[in-house]
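K.L.:
Okay, here's the prediction I keep looking at, along with the sequence it came from:
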Amino acid sequence: MLKKNSSENIKELRNKTGAGMTDCKKALEASDGQIDIAIETLRKKGLASADKKSSRLTAEGLIQSYIHAGSRIGVLVEINCETDFVSRQPKFHQLAKDIAMQLAACQSVSYISKNDIPENIVTYEQKLELEKEDLLNKSVEIKNKIANGRVDKRIKELSLMDQNFIKQTSITIEELIKQHIALWGENIKIRRFERFLLGEGLEPKKNNFKDEVSSMIQNT
């Protein structure tokens, strides 16, 4: 029987989670050597300290692509981590695929987080809401309260981190990222993305039947 903190157990837990050796050892000791419980312990611990890791440099990672069925929508996304060890993990690759798929599904998303949304867009949305007809006869206090609520909802629609994860709608993308920070004990960031829609920006050709017939007659 393996000891709860044997090198074999520690190695197995590290391979499954990518967490540091010391963290793996402590988690196994706390779980009496049970791998599944140790994994949950690492995840919970990481969730509690995820915000502390948010300032740490993320220079590794990968660029993931997703092409939706029918090849009419495509996404490229760059997701970063701290070490190449984590960037090689199958679960990290799956996370990147899930994020790319989310971006394909949520076409209203234009920014990674609310903090990335320019102030002029927020101001414009506030002005738009305050001028809507259903608020004209409201008091200033009520008008501002309703408008602010609508603006907040609109801003969340633009933010990837505020979207419900399409594979598990009980959590947001931000919570999904924090779960993986918990899993590996290092910072993870979605750096940038680009969405491609087939034919976007092109003016469809409009055939003028009358002009076409006239041209054919003149050429006969």
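P.N.:
Arrived safely.
K.L.:
The helix or strand hosting residue 15: what's the following helix or strand?
P.N.:
With elements taken from DSSP states H and E, the one containing residue 15 is helix 7-17. Using DSSP H and E, the helix or strand that directly follows helix 7-17 along the chain is helix 21-30.
K.L.:
could I have that following helix exported to PDB, CA atoms only?
P.N.:
Extracted C-alpha coordinates of helix 21-30, given in PDB (Å, rounded to 0.1, in the frame of the first residue of the first chain):
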ATOM      1  CA  MET A  21       5.200  19.500  -5.600                       C
ATOM      2  CA  THR A  22       4.800  21.000  -2.200                       C
ATOM      3  CA  ASP A  23       1.100  21.800  -2.800                       C
ATOM      4  CA  CYS A  24       0.500  18.300  -4.000                       C
ATOM      5  CA  LYS A  25       2.200  16.800  -0.900                       C
ATOM      6  CA  LYS A  26       0.100  19.000   1.400                       C
ATOM      7  CA  ALA A  27      -3.100  18.200  -0.400                       C
ATOM      8  CA  LEU A  28      -2.400  14.400  -0.200                       C
ATOM      9  CA  GLU A  29      -1.700  14.600   3.500                       C
ATOM     10  CA  ALA A  30      -4.900  16.500   4.100                       C
END
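K.L.:
now residue 41: how far from residue 94?
P.N.:
Using Cβ to Cβ, to the nearest Å, we find residue 41 at a distance of 22 Å from residue 94. Every C-beta, even on glycine, is put in place using the N, C-alpha and C of the backbone.
K.L.:
Could you check which of those two is surrounded by more residues?
P.N.:
Taking neighbours as other Cβ atoms under 10 Å, residue 41 and residue 94 compare with residue 41 leading, 22 against 12.
K.L.:
Surely the more buried one is in contact with residue 31?
P.N.:
Yes - shown here, residue 41 and residue 31 form a contact pair, counting by Cβ atoms under 8 Å, at 5.9 Å.
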